[in-house]
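S.K.: Quick check, what structure comes out for this input:
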Amino acid sequence: MTQNEEHLTIAPLTNVGLCVSAITSAMDRTHGLPGIVEMHGPSGWGKSVAAGHAAMRLDAYYVEVQSTWTRKYFLLAILEDMGIAPAKTIPELMRQIAEQMTLSQRPLIVDEAGLLLEKEGGAKLIKDLSEATQGTIMLIGEETLPALIGRWERLDGRVLEWVPAQPVSLPDARLLTKIYAPGLEVADDILETLVRLAEGSVRRVIVNLDRIHKEAAKTGWTKVSMKEWGDREFYTGKAPARRKRA
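M.R.: From the prediction side, this is the model:
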């Protein structure tokens with residue numbers, strides 16, 4: 001993790017606040033209520049950043065599912081984060097995780113959860129973990145996550161709160177400036193342009209702030225507005241149009 005990424009994980013961006021609030025509410029829920037919460041939204045909107053911050057702030061267990069993972073590998077990854085030597089079978093792994101979550105009272109954050117929920121076995125695994133621990137589990141994924149959860153009725157009924165990720169805002173852009181363009185005064189007219197071009201993506205704002213910072217280092221700017229930026233291009237994340245043949 002780079003120094004900038006470390007700082008970003010503690011920046012109070014909009015989605016960081018939403019993620020922490022949802023997990024905290026679930027941890028403080030009335031006895032008998034379900035303990036699963038979820039956050040969904042487009043790629044690049046800062047959901048993983050929010051998850052990373054929440055994991056640090058709330059001392060949560062954290063795993064990021066990958067497309068090649070089996071159910072057993074998912075459980076092994078959780079136990080690795082817990083620092084527990086794993087047993088051999090899936091039922092034994094489940095028991096180890098359930099015992100540790102019950103004893104520690106720490107939440108579990110599952111990033112890229114959609115990859116796990118594409119198959120019924122993954123959905124049953126989350127449902128079983130929730131029942132066995134009676135703890136708090138946050139599922140994070142892209143826009144299709146609610147629909148994936150909705151396919152499995154026994155899991156869908158255990159979701160306490162659905163949290164749509166929010167698009168990057170002007171206040172978010174101001175916070176990101178301190179991290180990705182330190183020492184540079186970036187005017188609101190540039191930040192408003194970056195937010196508009198980002199179409200919700202925190203990542204695109206970050207890329208542009210890095211470009212602006214590098215340009216400022218070359219030109220000697222200590223502050224920059226659209227006037228100084230002129231006709232220089234911004235990053236939009238879109239592939240360049242195909243050139244027509246002569």
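
S.K.: Please tell me I have it right and Ala113 contacts Leu139.
M.R.: Yes - judged on C-beta atoms under 8 Å, Ala113 makes contact with Leu139 at a distance of 3.9 Å. Bear in mind the C-beta positions are built from the backbone N, C-alpha and C, glycine included.

S.K.: Spit out the residues that contact the two alike.
M.R.: Glu38, Ile126, Leu145 (C-beta atoms under 8 Å, 6 or more residues apart in numbering).

S.K.: Identify those among those residues that sit within strands.
M.R.: Of these, the ones assigned to strands by DSSP state E are Glu38.

S.K.: So what are the structural domains in the protein, by residue number?
M.R.: Following automatic domain parsing, one finds the domains of the chain at 3-164, 170-229.

S.K.: Least confident of these, on average?
M.R.: Mean pLDDT is lowest for domain 3-164 among the domains of the chain, at a mean of 91.

S.K.: does Leu160 sit in a helix or strand, and which one?
M.R.: Following DSSP states H and E, one finds Leu160 within strand 159-164.

S.K.: Show the subsequent helix or strand relative to that strand.
M.R.: As the chain continues past strand 159-164, the following element, by DSSP H and E, is helix 170-180.

S.K.: Packing partners of the helix or strand just after that following helix?
M.R.: For helix 170-180, the following helix or strand on the C-terminal side (DSSP H and E) is strand 185-186. Counting contacts by 3 or more C-beta pairs under 8 Å, 6 or more residues apart in numbering; DSSP states H and E, strand 185-186 is packed against strand 223-224.

S.K.: shouldn't Trp221 be in contact with Gly183?
M.R.: No - with contact taken as C-beta under 8 Å, Trp221 and Gly183 are classed as non-touching, separated by 10.3 Å.

S.K.: Looking at the two, which one has more neighbours?
M.R.: Trp221 (17 against 9; other C-beta atoms under 10 Å).

S.K.: From Asp111, how far off is Ala55?
M.R.: 9 Å (C-beta to C-beta, to the nearest Å).

S.K.: joint contacts of those two?
M.R.: Tyr62.

S.K.: that older thread, ok, and for the strand holding Leu160, which residues are buried?
M.R.: Val159, Leu160, Glu161, Val163 (16 or more other C-beta atoms under 10 Å).

S.K.: I'd say the second one and Ile36 touch.
M.R.: This points to Leu160. Yes - shown here, Leu160 and Ile36 form a contact pair, counting by C-beta under 8 Å, at 6.2 Å.

S.K.: Mutual contacts of those two, please.
M.R.: Ala26.

S.K.: mind listing the strands for the chain?
M.R.: 36-40, 61-64, 108-111, 137-141, 159-164, 185-186, 223-224.

S.K.: Pipe these into a markdown table and attach distance to Thr102 per row.
M.R.: Below are the strands of the chain laid out as a markdown table (distance: least, C-beta to C-beta, whole Å):
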| stretch | distance to Thr102 |
| --- | --- |
| strand 36-40 | 16 |
| strand 61-64 | 13 |
| strand 108-111 | 12 |
| strand 137-141 | 13 |
| strand 159-164 | 18 |
| strand 185-186 | 48 |
| strand 223-224 | 53 |
